[in-house]
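>>> Structure here, sequence nowhere to be found:
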């Protein structure tokens with residue numbers, strides 16, 4: 001099968017699985033479960049389905065539930081997709097969203113620290129200007145010139 005046909009099947013299977021997972025009535029399906037991608041093997045027999053689960057503590061239960069429901073999901077996909085054979089579904093954890101969230105949290109923390117440093121500098125400058133016995137460096141030089 002050509003790459004184009006495989007890519008089309010991957011995108012269609014992704015869309016169908018994203019909708020089907022929402023309707024699964026399994027108590028193990030907890031947290032935020034997202035199907036993030038489908039990669040079909042060149043022989044079209046296996047579809048590696050990437051799954052993101054938040055929070056991470058629900059990952060084992062959700063993967064077990066998806067493995068249990070793989071036949072049902074495959075049948076639902078077969079009803080929506082016109083092809084000779086729907087690939088077997090293998091579910092794997094996709095940690096890229098978690099890594100992305102960690103990077104975003106770290107960037108946010110750095111931004112907060114920068115803002116705090118800038119605020120501290122502004123406060124220190126304001127205190128120096130408002131203190132009666134301490135004059136900013138620029139003003140002291142002008143006072144000496146006028147006294148001469």
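Perfect, I can see it now. Here the structure is a predicted model, which means the values were calculated and not measured.

>>> Quick check: longest helix in this structure by residues?
Assignment by DSSP state H gives helix 96-130 as the longest helix of the chain.

>>> can you pull the contacts of the residue positioned nearest the centre of the chain?
By Cα atoms, centre = their mean, the mean C-alpha position of the chain lies nearest to residue 97, the distance being 3.1 Å. Each residue near residue 97 by Cβ atoms under 8 Å, 6 or more residues apart in numbering is listed here: 34, 36, 52, 54. Just so you know, the C-beta spots here come from the backbone N, C-alpha and C atoms, and that holds for glycine as well.

>>> Quick check, the second one in contact with residue 50.
It stands for residue 36. Yes - Residue 36 is within contact range of residue 50, at 4.6 Å (criterion: Cβ atoms under 8 Å).

>>> Mind listing the shared neighbours of the two?
Common neighbours of residue 36 and residue 50 (Cβ under 8 Å, 6+ apart) are residue 94.

>>> Residue 34 belongs to a strand?
Yes - assignment of residue 34 by DSSP: H, G, I helix; E, B strand; the rest coil places it within a strand.

>>> Next, count neighbours for it.
Counted with other Cβ atoms under 10 Å, residues neighbouring residue 34 total 15.

>>> so which strand or helix has residue 38?
Secondary structure from DSSP states H and E places residue 38 in strand 32-40.

>>> Could you give me the buried positions within that strand?
Buried positions in strand 32-40, judged by neighbour count with 16 or more other Cβ atoms under 10 Å: 33, 35, 37, 38, 40.

>>> Identify the residue nearest residue 29 in space, chain neighbours excluded?
Spatial nearest neighbour of residue 29, chain neighbours left out: residue 65 (5.2 Å); criterion: Cβ to Cβ, 6 or more residues apart in numbering.

>>> hang on, that neighbour packs against residue 31?
No - contact between residue 65 and residue 31 fails when scored by Cβ under 8 Å: they sit 11.2 Å apart.

>>> Just give the number of residues close to residue 68.
Counted with other Cβ under 10 Å, residues neighbouring residue 68 total 12.

>>> Quick check: it touching residue 24?
No - checked against Cβ under 8 Å, the pair residue 68 and residue 24 is beyond contact range at 9.5 Å.

>>> Just confirm residue 92 is within a helix.
No - applying three-state DSSP, one finds residue 92 to be strand, outside a helix.
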